[in-house]
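Colleague: need coordinates for the below:
(chains A and B)
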Amino acid sequence: MYKTILVHVDQSPPMESRLRAAAALALDHGAHLVGTATTGMSWSSFALLTGSMAVMPIDEYDALRAGACSSLARFSEAARRLGVAAPEGRLVEDEDRDALLLHARYADLVVVSQESGDGLALRGLPEYVALHGPRPVLMVPAGWTGPAIGAEAIVGWDGSLAAIRAIDGALPLLCRARNVRLAIVNPEREAGLHGQEPGADMALYLARHGVPVELLVERSALPTGEVLLGMARASNAALLVAGAFGHSRFREIVLGGVSRIVLARAALPVLLAH
Amino acid sequence: MRYKTILVHVDETPQAAITIALAARLALASDAHLLGVATSGVSRFFYREAGADLARTVLAPYMDERLRTAESLLGRFEALAAQSGVRSFERRLIDDETGAALALATRYADLAVMGQPDPAQPLPPGDADLPAYTLFGGAHPLLVVPYIQADADAGAGRRILVAWNGSAQAARAVNAALPLLRAAEAVVVAVVGTPAEPAQADDDLLAWLARHGVDAELVVDTCTEDVGDCLLTLAADRASDLLVMGGYGHARLHELLLGGATRTVLRTMTMPVLLAH
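Modeller: Okay, here's the model as predicted:
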């Protein structure tokens, strides 16, 4: 059950669709909504950065704090307008990624925006929080105005532990869906899938949770990520559930193929976990 | 979330009946499907790859014996499950190495229940680490029942101690235990630090739990020895009948690496322990 939903708060354009999605989920599931805004770097990082200067520009760090405060004020006002009774704001003096990771453990779902490749440096926020955090991450495309998240859902199933965690994290949404398609792409290639009927076990597991599940096997020469996104488009899905794969190299995350495609090109909300 | 599929490992140990009874009681409480799994204990690759003649002549009688044993254990499981009142239960015999079989089967169960291996009993090689292999080979929580558990009626989950250190593993363990925490009479969250890393009270966690309908008490403690020992001592002091904790380590084929507290608790637990990672 989602009882606490954490949403990343900043002043970027995708904030609007992100907040709308988070607020709708909070209302739908009777969950408490928490917004986290940050200064972008910790005080100690700032001190290191500016330490060589004759006079440390404390005012500039104060400005970062003030910026985050104003983001939270706007978040609170916007959330109330969307019907959220008592949104909670949290200011963290750290980088966004780590702040979300920290507070994820006190939430059931983390809502972030999809990052576009144009111009701005990619922070890799969705994958960072999904790969390192204990909770599922809902990535909302910047212009998302679509139907209720999860009314029609596609679940990418490959037998992996990451996919299991994503499915478990999505259960509150899948249970309320009108229709859930358990999508298996090229089952013969997946090491985690066994038996005569790949997917039958997972379909049964989901059915016992009351999920209206339908098994869909697809064989294609296209990359799996593309196939899943194609299936999502074809069924007018409002949610894609997938395991996230990748490994960290210091501060950079190298994503697996499916994850890379899905994160970059999804035109619908994606729930990820690892 | 409720447990809708509960798996219990059905083995030959004297403790099996108690483990099954506990799993059945949990299944009854959440109206879950109870799946009893017994294994041949022999890798599915070994039997196939051992030369055909060898398999037919030398190995066949042993394999038949193992499968017959498993079948009879499953028969007993079904009797116990029926007796307990569980509405939906199923037996499954997996002809494979136990660790591999259970790790795969737990993927499709919300909770797996198994007995703690008793070092005083002869065990097939590798089975001493069965709980760790099952836990790290899967993504679902594991409830391990101590081999000293004498009382099948002992309320596993009336008084629960949750070990908390802010890690992802601990966060996953608490989340996995929510159905049990909600049903408990008393829940204590123990934050155990060391002199090097003192523990801090975590009110955010209590708030998160409260929103899930769990009213918990927070205890902050410092431990100068093994954190696993401290947790078990604290649990005993609090008359806890279930310990919830994150499991640290990984299991890759024949390599098993466990964190200190995890290793200690798996070895010396005095009450059922629910682990997740």
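
Colleague: for the stretch 101-250 of chain A, which segments are assigned as strands?
Modeller: Using DSSP state E, counting those that start in this stretch, the strands of the stretch 101-250 of chain A run over residues A:109-113, A:137-140, A:152-156, A:179-185, A:213-218, A:239-243, A:246-249.

Colleague: then chain B?
Modeller: For chain B, the strands defined by DSSP state E cover B:5-9, B:33-39, B:89-94, B:111-115, B:142-145, B:159-163, B:186-193, B:216-222, B:242-246, B:249-252, B:255-258, B:273-276.

Colleague: any weak-confidence spans in the stretch 151-277 of chain B?
Modeller: Applying pLDDT under 70 to the stretch 151-277 of chain B flags the ranges B:155, B:253-254.

Colleague: can we see that at 80?
Modeller: Scanning the stretch 151-277 of chain B for pLDDT under 80 picks out B:152-156, B:194-199, B:201, B:251-255.

Colleague: how about the strands of the stretch 101-250 of chain A in TSV, adding distance to chain B and mean neighbour count?
Modeller: Bear in mind the C-beta positions are built from the backbone N, C-alpha and C, glycine included. TSV is the format used below for those (distance: least, CB to the nearest CB, whole Å; neighbours: other CB atoms under 10 Å in any protein chain shown):
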stretch	distance to chain B	mean neighbour count
strand A:109-113	11	26
strand A:137-140	13	28
strand A:152-156	14	27
strand A:179-185	12	23
strand A:213-218	13	16
strand A:239-243	9	27
strand A:246-249	14	13
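
Colleague: would you mind giving the ones you listed as JSON lines with mean pLDDT and distance to B:F89 added?
Modeller: What follows is the strands of the stretch 101-250 of chain A, written out as JSON lines (pLDDT from 0 to 100; distance: least, CB to CB, whole Å):
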{"stretch": "strand A:109-113", "mean pLDDT": "97", "distance to B:F89": "33"}
{"stretch": "strand A:137-140", "mean pLDDT": "97", "distance to B:F89": "36"}
{"stretch": "strand A:152-156", "mean pLDDT": "96", "distance to B:F89": "27"}
{"stretch": "strand A:179-185", "mean pLDDT": "96", "distance to B:F89": "25"}
{"stretch": "strand A:213-218", "mean pLDDT": "95", "distance to B:F89": "22"}
{"stretch": "strand A:239-243", "mean pLDDT": "96", "distance to B:F89": "29"}
{"stretch": "strand A:246-249", "mean pLDDT": "70", "distance to B:F89": "40"}
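
Colleague: dump those to CSV, plus distance to B:L234.
Modeller: Listed next are those as CSV, based on distance: least, CB to CB, whole Å:
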stretch, distance to B:L234
strand A:109-113, 31
strand A:137-140, 34
strand A:152-156, 40
strand A:179-185, 42
strand A:213-218, 42
strand A:239-243, 36
strand A:246-249, 34
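
Colleague: still on that earlier bit, possible to save the strands of chain B as JSON lines with distance to chain A and mean neighbour count?
Modeller: Listed next are those as JSON lines, based on distance: least, CB to the nearest CB, whole Å; neighbours: other CB under 10 Å:
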{"stretch": "strand B:5-9", "distance to chain A": "5", "mean neighbour count": "28"}
{"stretch": "strand B:33-39", "distance to chain A": "6", "mean neighbour count": "25"}
{"stretch": "strand B:89-94", "distance to chain A": "11", "mean neighbour count": "18"}
{"stretch": "strand B:111-115", "distance to chain A": "12", "mean neighbour count": "26"}
{"stretch": "strand B:142-145", "distance to chain A": "14", "mean neighbour count": "26"}
{"stretch": "strand B:159-163", "distance to chain A": "13", "mean neighbour count": "26"}
{"stretch": "strand B:186-193", "distance to chain A": "13", "mean neighbour count": "20"}
{"stretch": "strand B:216-222", "distance to chain A": "13", "mean neighbour count": "15"}
{"stretch": "strand B:242-246", "distance to chain A": "9", "mean neighbour count": "27"}
{"stretch": "strand B:249-252", "distance to chain A": "11", "mean neighbour count": "15"}
{"stretch": "strand B:255-258", "distance to chain A": "17", "mean neighbour count": "14"}
{"stretch": "strand B:273-276", "distance to chain A": "10", "mean neighbour count": "26"}
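
Colleague: among these, which is nearest A:R178?
Modeller: strand B:5-9 (23.4 Å; CB to CB).

Colleague: now that closest one against strand B:89-94, angle please.
Modeller: For strand B:5-9 against strand B:89-94, the angle by axes from the mean of the first three to the mean of the last three CA atoms, to 10 degrees is 50 degrees.

Colleague: partners of strand B:5-9 in the sheet?
Modeller: Here strand B:5-9 is paired, per DSSP bridges, with strand B:33-39 (parallel), strand B:111-115 (parallel).

Colleague: can I get those in CSV with mean pLDDT?
Modeller: Below are the strands paired with strand B:5-9 laid out as CSV (pLDDT from 0 to 100):
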stretch, mean pLDDT
strand B:33-39, 97
strand B:111-115, 97
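
Colleague: show me what the lengthiest helix in chain B packs onto, helices and strands only.
Modeller: The residue-count maximum for a helix in chain B (DSSP state H) belongs to helix B:60-84. Using 3 or more CB pairs under 8 Å, 6 or more residues apart in numbering or on different chains; DSSP states H and E as the contact test, the elements touching helix B:60-84 are helix B:16-30, strand B:33-39, strand B:89-94.

Colleague: can you name the residues in contact with that helix?
Modeller: Defining contact as CB atoms under 8 Å, 6 or more residues apart in numbering or on different chains, one finds that helix B:60-84 is touched by B:8, B:10-12, B:16-17, B:20-21, B:24-25, B:27-28, B:34, B:36, B:38-42, B:47, B:89, B:91-93, B:95.

Colleague: rerun at 7 Å
Modeller: Residues outside helix B:60-84 that contact it (CB atoms under 7 Å, 6 or more residues apart in numbering or on different chains): B:10-12, B:17, B:20-21, B:24-25, B:28, B:34, B:36, B:38-42, B:47, B:89, B:91, B:93.

Colleague: got TSV for the strands paired with strand B:5-9, with distance to A:G156 too?
Modeller: Below are these laid out as TSV (distance: least, CB to CB, whole Å):
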stretch	distance to A:G156
strand B:33-39	25
strand B:111-115	24
